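A.B. asks: Requesting a structural model of the entry that follows:
(chains A, B, C and D)
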There are 2 protein chains.
Amino acid sequence: MPKSSNSDHKKTTVNPPERREELLAIAAEVFAAQGYNATTVRKIADAAGMLAGSLYYHFDSKESMLDEILSGFLDELWARYDAVLGAGLGPRETLEALVTESFREIDRHLAAVAIYQKESKHLGTRPHFAYLVESQQKFEKAWLGTLERGVAAKVFRADLDVRLTYRFVRDTVWVAASWYRPGGRHSPEEIARQYLSMVLEGIALHDS
Amino acid sequence: MPKSSNSDHKKTTVNPPERREELLAIAAEVFAAQGYNATTVRKIADAAGMLAGSLYYHFDSKESMLDEILSGFLDELWARYDAVLGAGLGPRETLEALVTESFREIDRHLAAVAIYQKESKHLGTRPHFAYLVESQQKFEKAWLGTLERGVAAKVFRADLDVRLTYRFVRDTVWVAASWYRPGGRHSPEEIARQYLSMVLEGIALHDS
DNA sequence: TAACCTACCAAACACTTGTTAGGGAAGGAG
DNA sequence: CTCCTTCCCTAACAAGTGTTTGGTAGGTTA
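C.D. replies: Numbering: from 1, shown residues only, chains lettered A, B, ... in the order given. Modelled structure (predicted):
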């Protein structure tokens, strides 16, 4: 659980998270499009219609914006994942629910997901972003556990390397963020359905 | 076909590509680890045991290094892809061969593939890197065509969105570059085999 | 020896980067 | 009206950026 890190900011504003969220959404979009390092604070300010220095009224630093975007995304993701994992579903149903929730999350937080995909790997080495690797470990535990339960219950194949299967399923789902566009031809649920069909049944034509 | 872009460099060196390739390999590794924009020429020079300015004896610019790395990778990739596509195989065999060649390419050019994954999207907008989107279009044509042939020949399922299937297969293969490490437990061929098994047959247990 | 080429270093350049300090316009509260 | 808070601007800063210029040690060729 990422401790939301940025404990306090500026004064004791009573109802602050108004313009703040707006600016975070803008920053997230620029980060996702250009990459974190290639994004200058001046570009963010441009997109927000203000000057670079003005951003520092709302945020402590460029890095704290990234931090807030990523931890906010992970907080919401885990709220939904935990609900699924605590529902007492069978392994196949759990996997289906996790995949569906993942696509919903991509639909809602596309920019944050894209940033996470691109930057989390080398951000994880920095101590301030240690919660990224914690989350990733928890993530692996949840998915791997589900797959192993499925193998034990004979609903998933036993002749595959489980860790390879895990990476296969995980990547399959999350890279979709690189091409998915909200409001496109397929809803998140429709994409989840087809992806699950491919992952579970394969794309080859079986005679049944 | 990326025109190799960097037409001439420096004098008319007879046997130059000795230290050059070495430096490119080093640069590729740093680019892959830190991201292109986060990589300074001084870091590359450090890794090579020399000073930043000295790199400019071998290369015109930081961008030309990236260009050479990416176009070199794509040239080799397409040499192998074209061989597969021209072999007159059936759709399923073509797909298997493409996947296998892809994993082999990841094994050989891991750094270049990782860079391509991370940077190609926003590099494609720059005119100098237009060959990246050309390659991507050719790529889509080859894979989509193979899938459609397979559907027509009734070896692939017809009830799936073909474009979705394409992205599914493409992504599952290439994101492997984010976790694959040469010399690990599985050879590229072994990974290809298991991936193909998952993609074609699914991970669910079927009664047969 | 002299001329030459290769591969690097040393030092600086113009520019961009994230960040800060001080100020000021707008509007509500007293 | 005055005070205060919110939100932004102006202007600058120090550090870091990619790149250039001139030089030089060491080997090869003549």
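A.B. asks: how close does the residue of chain A found nearest chain B sit to B:L200?
C.D. replies: Nearest residue of chain A to chain B: A:G202, at 3.5 Å (Cβ to the nearest Cβ). From N, CA and C alone the C-beta is placed, and that goes for glycine too. A:G202 is 5 Å from B:L200, where distance means Cβ to Cβ, to the nearest Å.
A.B. asks: Same question for A:F129.
C.D. replies: A:F129 is 38 Å from B:L200, by Cβ to Cβ.
A.B. asks: So which bits of the strand or helix carrying A:Y195 are buried?
C.D. replies: Element membership of A:Y195, judged by DSSP states H and E, is helix A:188-201. Residues of helix A:188-201 classed as buried: A:188, A:191-201 (neighbour count, 16 or more other Cβ atoms under 10 Å in any protein chain shown).
A.B. asks: quick one on the thing from earlier: so who does the closest residue to the residue of chain A closest to chain B other than its chain neighbours touch?
C.D. replies: Distances taken as Cβ to Cβ, 6 or more residues apart in numbering or on different chains place B:G202 nearest to A:G202, at 3.5 Å, with adjacent residues excluded. By Cβ atoms under 8 Å, 6 or more residues apart in numbering or on different chains, the contact list for B:G202 reads A:198-202.
A.B. asks: What residues of stretch A:54-64 count as buried?
C.D. replies: Buried, per 16+ other Cβ under 10 Å, within stretch A:54-64: A:55, A:58-59, A:62.
A.B. asks: One more: stretch A:71-90?
C.D. replies: So stretch A:71-90, judged by 16+ other Cβ under 10 Å, has buried residues A:71-74, A:77-78, A:80-81, A:84-85.
A.B. asks: would you put the C-alpha positions of that stretch in PDB?
C.D. replies: Extracted in PDB, the C-alpha atoms of stretch A:71-90 (Å, rounded to 0.1, in the frame of the first residue of the first chain):
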ATOM      1  CA  SER A  71       0.100   6.300  -6.300                       C
ATOM      2  CA  GLY A  72      -3.400   7.500  -7.000                       C
ATOM      3  CA  PHE A  73      -3.700   5.000  -9.800                       C
ATOM      4  CA  LEU A  74      -2.400   2.200  -7.700                       C
ATOM      5  CA  ASP A  75      -4.600   3.000  -4.800                       C
ATOM      6  CA  GLU A  76      -7.700   2.800  -6.900                       C
ATOM      7  CA  LEU A  77      -6.500  -0.300  -8.700                       C
ATOM      8  CA  TRP A  78      -5.900  -2.200  -5.400                       C
ATOM      9  CA  ALA A  79      -9.200  -1.200  -4.000                       C
ATOM     10  CA  ARG A  80     -10.800  -3.000  -6.900                       C
ATOM     11  CA  TYR A  81      -8.400  -5.900  -6.900                       C
ATOM     12  CA  ASP A  82      -8.800  -6.500  -3.200                       C
ATOM     13  CA  ALA A  83     -12.500  -6.600  -3.600                       C
ATOM     14  CA  VAL A  84     -12.200  -9.300  -6.300                       C
ATOM     15  CA  LEU A  85      -9.600 -11.300  -4.300                       C
ATOM     16  CA  GLY A  86     -11.800 -11.200  -1.200                       C
ATOM     17  CA  ALA A  87     -14.900 -12.300  -2.900                       C
ATOM     18  CA  GLY A  88     -14.200 -16.000  -2.600                       C
ATOM     19  CA  LEU A  89     -14.500 -16.800  -6.300                       C
ATOM     20  CA  GLY A  90     -13.000 -19.900  -8.000                       C
END
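A.B. asks: Report the distance from it to the chain centre.
C.D. replies: Centroid separation between stretch A:71-90 and its chain, computed with Cα atoms, centre = their mean, to the nearest Å, is 12 Å.
A.B. asks: With adjacent residues omitted, what lies nearest to A:F168?
C.D. replies: Nearest in space to A:F168, with sequence neighbours left out and distances taken as Cβ to Cβ, 6+ apart, is B:M198 at 5.6 Å.
A.B. asks: Oh, that last question was meant for A:R108, not what I typed.
C.D. replies: Distance criterion Cβ to Cβ, 6+ apart; nearest residue to A:R108, sequence neighbours excluded, is A:E76 at 7.8 Å.
A.B. asks: my read: that neighbour touches A:E105, true?
C.D. replies: Yes. Counting by Cβ atoms under 8 Å, A:E76 touches A:E105, with 7.2 Å between them.
A.B. asks: Any figure for the gap between whichever residue of chain A sits closest to DNA strand C and A:V41?
C.D. replies: Nearest residue of chain A to DNA strand C (Cβ to the nearest atom of the strand) works out as A:G53 at 2.5 Å. Separation of A:G53 from A:V41 (Cβ to Cβ) stands at 9 Å.
A.B. asks: Equivalent analysis for A:L51, please.
C.D. replies: To A:V41, A:L51 is 10 Å away according to Cβ to Cβ.
A.B. asks: neighbour-wise, which of those two wins?
C.D. replies: A:V41 (19 against 11; other Cβ atoms under 10 Å in any protein chain shown).
A.B. asks: which non-adjacent residue is nearest the more buried one?
C.D. replies: Closest residue to A:V41 apart from its sequence neighbours, by Cβ to Cβ, 6+ apart: A:A52 at 4.8 Å.
A.B. asks: and that neighbour, what does it touch?
C.D. replies: Contacts of A:A52 were listed using Cβ under 8 Å, 6+ apart, and they are A:40-42, A:44-45.
A.B. asks: Can you name the residues of chain A that neighbour DNA strand C?
C.D. replies: Neighbours of DNA strand C within chain A, by Cβ under 7 Å from any atom of the strand: A:39-42, A:52-53, A:55-56, A:60-63.
A.B. asks: Swap in 10 Å and give it another go.
C.D. replies: Counting by Cβ under 10 Å from any atom of the strand, the residues of chain A close to DNA strand C are A:36-45, A:51-57, A:59-66.
A.B. asks: any chance you could map the helices in chain A?
C.D. replies: Remark: helices assigned in chain A by DSSP state H are A:19-34, A:41-48, A:55-58, A:62-85, A:91-108, A:110-123, A:130-152, A:162-174, A:188-201.
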